[in-house]
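Asks: 3D model of this:
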Amino acid sequence: MTDFRTVKSSQNILKELMIPSYANFGGKVHGGVILSLMDKIAYTTAASHSRSYCVTASVDSVNFVNAVEVGELVTLMASVNYVGRSSMEVGIKVFSEDFKNGITKHTNTSYFTMVAIDEETRKPIQVPGLILQDKIEVRRFIWGKIRKRLKAEYREAFQSLPSETDIERELNQLADDNCQLALDTTTA
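Replies: Model prediction:
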């Protein structure tokens, strides 16, 4: 029989002050620093839910909608939104807080797919199901299920790209693109 756990039982919050060593050449915090923190909280959340070692299988797009400044406090909130057999979708919302001006801004939201792994065999293991206790948890589960299906469709389309691309048709459309052809396209 499959074990079930509540969404709330594995939710996490991570806060970290953005220090000068995190800055890029533009004086903003490196996106990689934020991505590393996101990976850390995704692991903690997934491992807490599955009570096992987990690995990052994929990361949905990470769109930085607001820059993070040195000196701001970054808060990451994570929750298991959806579970499959061995995988879990962890939703992460990131905010930064400017103490001096009392401004909090949303910097990004992303979804990490984590897989529970047996530490000895290194093979995926079954994860507990989710107990959905309110409407937002139900919506997040449904959205996670849809995202999983869309990712599978995207993966399939991406893999078939070389065999299904009409190169001649695409070549005729390059005139509007920001490129210059310096080769004979009749043999491309």
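Asks: just the element for residue 37, please.
Replies: Here residue 37 sits within helix 31-50, counting by DSSP states H and E.
Asks: now the longest helix anywhere in the chain: how far from the chain's centre is it?
Replies: Ranked by number of residues, the top helix in the chain under DSSP state H is helix 135-164. Chain-centre distance of helix 135-164: 13 Å, with Cα atoms, centre = their mean, to the nearest Å.
Asks: report the buried residues of that helix.
Replies: Under the neighbour-count criterion of 16 or more other Cβ atoms under 10 Å, helix 135-164 has 137, 140, 141, 144, 147, 148 buried. (Each C-beta comes from the backbone N, C-alpha and C, glycine too.)
Asks: so how far is the helix or strand that it is followed by off the chain centroid?
Replies: Beyond helix 135-164 on the C-terminal side, the first helix or strand identified by DSSP H and E is helix 167-172. Helix 167-172 has its C-alpha centroid displaced from the chain centroid by 34 Å (Cα atoms, centre = their mean).
Asks: which secondary structure element of this protein has the lowest mean pLDDT?
Replies: When each helix and strand of the chain is scored by mean pLDDT, DSSP states H and E, helix 167-172 comes last, with a mean of 86.
Asks: who does residue 112 form a beta bridge with?
Replies: Beta-bridge pairing of residue 112 under DSSP bridges involves residue 59, residue 90.
Asks: can you pull the contacts of residue 37?
Replies: By Cβ atoms under 8 Å, 6 or more residues apart in numbering, the residues touching residue 37 are 14, 16, 74, 76, 94.
Asks: backbone phi and psi for the last one, please?
Replies: Torsion angles at residue 94 (phi, psi; degrees, to the nearest 10) stand at phi -120, psi 130.
Asks: pretty sure it is touching residue 107, no?
Replies: Yes. Checked against Cβ atoms under 8 Å, the pair residue 94 and residue 107 is within contact range at 4.7 Å.
Asks: quick revisit: what helices or strands is the least confident helix or strand of the chain leaning on?
Replies: Here helix 167-172 is seen to pack against no other helix or strand when contacts are counted using 3 or more Cβ pairs under 8 Å, 6 or more residues apart in numbering; DSSP states H and E.
Asks: partners of the nearest residue to residue 44 once chain neighbours are set aside in the sheet?
Replies: Excluding its sequence neighbours, the residue lying closest to residue 44 (Cβ to Cβ, 6 or more residues apart in numbering) is residue 12, at 5.3 Å. Residue 12 has these beta-bridge partners by DSSP bridges: residue 78.
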